[in-house]
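K.L.:
need a structure here:
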Amino acid sequence: MHEARAHRYHAAEFNMVRAPMRQAGHGGFLDRWRFYRPTGDRQRQAVIAEEQAGRAVAFRARGFAVAAVMLCLPLLTVPPRLWYYLAAAALFFLLGLVPHLLRRHRYAAAIQAVFVVLDAALITTVIIMPPPGGLDIGWPVQTRLRSSEFLYLIVLLVGAALSYSPWQVIWTGISIIATWSAGVAAVYWRADTLHYDGGLESMPVDAAMKVFLDPHFVSGGTLLNQVILTAIATGVLAAAVHRSRLMLLRHTRAEIARSALARYVSADLADAILRSERRFDTPATREVAVLFADIVGFTGLSERTPPERIVALLKSFHERCCRVVFRHGGSLDKYIGDGFLATFGAIGDMPDAAARALRCAVELQQEIDRWNGKRAARGAAGIPLSIGLHFGPAVVGNTGTEERLEFTVIGDTVNIASRLEGFTREARCRIAASEACLAAAHAAGGTLPAFRHFGPVAVRGRGEPVDVHIWPAAPIGAP
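P.N.:
Numbers count the residues shown, from 1 in each chain. Down below sits the predicted model:
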């Protein structure tokens, strides 16, 4: 038998979306940090997958960038220096290939951090250090700091923004500042370097121009500007990536919650609940249409049928009924052995809940008829279904403990619907609905299936009788 199932919304499964999404950006630092981190294994795996995809995109971008540089190099230099710079570009590509191949490694983040430093060191070395082996054109090394090649390091920073990790962006910025500052400092403190720490603006123009145009001159102010601009770019990009990561977390949390919620309600209703600002699981009294359904004679059937076939039968029965309930906007409260409890209006406001429940009940019977037709064609016994319907106030919300919560409906409305389902045997009908359910459905308007008035019925455990309508309108067995 299927164990009774219900809406069990643990904090890590559903409320991880609703409350944090409303509170993001509010509360203390720890609250914001908890929201920033992945919650649960499913979300952690989803974030890891996106980070790996981001690294893959960054590697492809690196490949395009290297190809573009290689195509432009023949326009900027000639052999044999050309071969040196082409080799440096190829090495830069290989430095990106290693972490790309290891992006699924358990220490992928640490590996990426090491190779970021190597990337920054390689670019800094190629920019500042003259080509070896007599390939240099003979200009003073200080002149290499006056070109615009420093921008290649900024491109490296931009590439880090393709990830979903602001820490990678920050680490890349720190690596660029550290390696470039070390390289400039090595040139700045050379014995043949000319620098003026007092500021050129305090010198006569001719003297200042003489110092500035000297090929051995290195300006400390230029390095300071480069460091400041790199730090600003790092901060801005890290903030942008931070926002992107928050959006990723919101998206994955919503998708996880939607998939969990879609097991109990239709996809459209799940989306509507997730968009709503009001928590649906807060205990409250609502007007709810309750539908109880049960297979008639299931006990005898289970005695005559092997257990594995019973399980397969129940699975097919539940799947067919679940699709019909969701199609009418209902929610599946629980499976109860060979039956189930469905509700309309328990999760969200539904003015036509009673009408939806009535139409759903009739379509359930029609679906069972089609299924029984297929079963009869292969010689299997039919599966009769009885349904009870009632509409009225019910308490809805989470019950249980923090370790095991169940979202369900409680109250007299649920009890009456259950009793009416059992009454179908006595009335020789397939659906028994209360007058309250029919009245609420007619008040909502729209076309409704035809029910026959049966009259007041005494319900066990209730002092007052319940006025009942039954379906089909013609008695079962009538011509």
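K.L.:
and the protein, what are its domains?
P.N.:
For the chain, automatic domain parsing gives the domain ranges 38-261, 280-471.
K.L.:
now residue 439: which helix or strand?
P.N.:
helix 435-444 (DSSP states H and E).
K.L.:
next structured bit after that helix?
P.N.:
Per DSSP H and E, the first helix or strand lying C-terminal to helix 435-444 is strand 452-457.
K.L.:
that next one pairs with which strands, parallel or anti?
P.N.:
Strand 452-457 sits in its sheet next to strand 466-471 (antiparallel), going by DSSP bridges.
K.L.:
just the CA atoms of the partner strand, as PDB, please.
P.N.:
Output in PDB follows, covering the C-alpha atoms of strand 466-471 (Å, rounded to 0.1, in the frame of the first residue of the first chain):
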ATOM      1  CA  VAL A 466     -26.700  17.300   5.500                       C
ATOM      2  CA  ASP A 467     -28.700  18.000   2.400                       C
ATOM      3  CA  VAL A 468     -27.200  15.900  -0.300                       C
ATOM      4  CA  HIS A 469     -27.100  15.900  -4.100                       C
ATOM      5  CA  ILE A 470     -25.900  12.900  -6.100                       C
ATOM      6  CA  TRP A 471     -24.400  12.100  -9.500                       C
END
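K.L.:
contacts for that strand?
P.N.:
Here strand 466-471 makes contact (C-beta atoms under 8 Å, 6 or more residues apart in numbering) with 361-362, 365, 390, 416, 419-420, 423-424, 427, 429-435, 438, 449-457, 459. (Glycine included, C-beta is placed from N, CA and C.)
K.L.:
cutoff 7 Å now
P.N.:
If you take C-beta atoms under 7 Å, 6 or more residues apart in numbering as the criterion, strand 466-471 is touched by 362, 416, 420, 423, 427, 429-435, 438, 449, 451-457, 459.
K.L.:
swap in stretch 382-392?
P.N.:
The contact list for stretch 382-392 (C-beta under 7 Å, 6+ apart) reads 287, 289-297, 317, 354, 357-358, 361, 364-365, 368, 371-372, 375-376, 413, 416-421, 423-425, 430-434, 436-437, 440.
K.L.:
cutoff 6 Å now
P.N.:
289-296, 354, 357, 361, 368, 372, 413, 416-417, 420-421, 424, 431-434, 436-437, 440 (C-beta atoms under 6 Å, 6 or more residues apart in numbering).
K.L.:
can you list which of the residues you listed are found in strands?
P.N.:
289, 290, 291, 292, 293, 294, 295, 431, 432, 433, 434 (DSSP state E).
K.L.:
most neighbours, which of those?
P.N.:
Highest neighbour count within the ones in strands among the contacts of stretch 382-392: residue 289, with 33 neighbours (other C-beta atoms under 10 Å).
K.L.:
need the strands for this protein, in chain order.
P.N.:
5-6, 284-295, 331-336, 339-344, 385-400, 405-410, 431-434, 452-457, 466-471.
K.L.:
so of the ones you listed, which one's packed in deepest?
P.N.:
Ranked by mean neighbour count, the strands of the chain are led by strand 431-434 with a mean of 28 (mean count of other C-beta atoms under 10 Å).
K.L.:
starting from that one, tell me which strands it pairs with and how they run.
P.N.:
strand 385-400 (parallel), strand 466-471 (antiparallel).
K.L.:
what's the closest of these to residue 163?
P.N.:
Relative to residue 163, the nearest member of these by C-beta to C-beta is strand 385-400, separated by 38.3 Å.
K.L.:
pLDDT on that closest one, on average?
P.N.:
Mean pLDDT, strand 385-400: 90.
K.L.:
and if you look at stretch 338-348?
P.N.:
89.
K.L.:
if we can go back for a sec, least reliable of the domains of the chain going by mean pLDDT?
P.N.:
Among the domains of the chain, domain 38-261 scores lowest, with a mean of 87.
K.L.:
now residue 243: how far from residue 43?
P.N.:
18 Å (C-beta to C-beta, to the nearest Å).
K.L.:
more neighbours: which of the two?
P.N.:
residue 43 (21 against 11).
K.L.:
skipping adjacent residues, who's closest to that one in space?
P.N.:
Leaving aside its chain neighbours, residue 43 sits nearest to residue 252 (5.0 Å; criterion: C-beta to C-beta, 6 or more residues apart in numbering).
K.L.:
now swap in residue 125 and tell me
P.N.:
What sits nearest to residue 125 in space, not counting adjacent residues and going by C-beta to C-beta, 6+ apart, is residue 183, at 7.2 Å.
K.L.:
for burial, what's the neighbour tally of the one you found?
P.N.:
21.
K.L.:
quick check: it touching residue 123?
P.N.:
No - assessed by C-beta atoms under 6 Å, residue 183 is found out of contact with residue 123, at 9.7 Å.
K.L.:
longest helix of the chain?
P.N.:
The longest helix of the chain (DSSP state H) is helix 220-261.
K.L.:
that one packs against which elements?
P.N.:
helix 16-23, helix 40-76, helix 166-188, helix 267-275 (3 or more C-beta pairs under 6 Å, 6 or more residues apart in numbering; DSSP states H and E).
K.L.:
rewinding a little: mind checking how far the residue nearest to residue 43 is from residue 245?
P.N.:
Taking C-beta to C-beta, one finds residue 252 at 11 Å from residue 245.
K.L.:
got it, and residue 124?
P.N.:
The spacing between residue 124 and residue 245, counted by C-beta to C-beta, is 29 Å.
K.L.:
give me the more crowded residue out of those two.
P.N.:
Using other C-beta under 10 Å, the more surrounded residue of residue 124 and residue 245 is residue 124, with 24 against 21.
K.L.:
which residue packs closest to residue 113, ignoring adjacent ones?
P.N.:
Spatial nearest neighbour of residue 113, chain neighbours left out: residue 171 (5.6 Å); criterion: C-beta to C-beta, 6+ apart.
K.L.:
can you report how many residues lie near the one you found?
P.N.:
19.
K.L.:
what do you get for residue 255?
P.N.:
Counted with other C-beta under 10 Å, residue 255 comes out at 15.
K.L.:
which residue packs closest to it, ignoring adjacent ones?
P.N.:
residue 46 (7.6 Å).
K.L.:
how many other residues sit next to the one you found?
P.N.:
Residue 46, neighbours per other C-beta under 10 Å, totals 19.
K.L.:
residues in contact with residue 187?
P.N.:
Applying C-beta under 6 Å, 6+ apart, the residues near residue 187 are 141, 142, 218.
K.L.:
brilliant, that's me finished.
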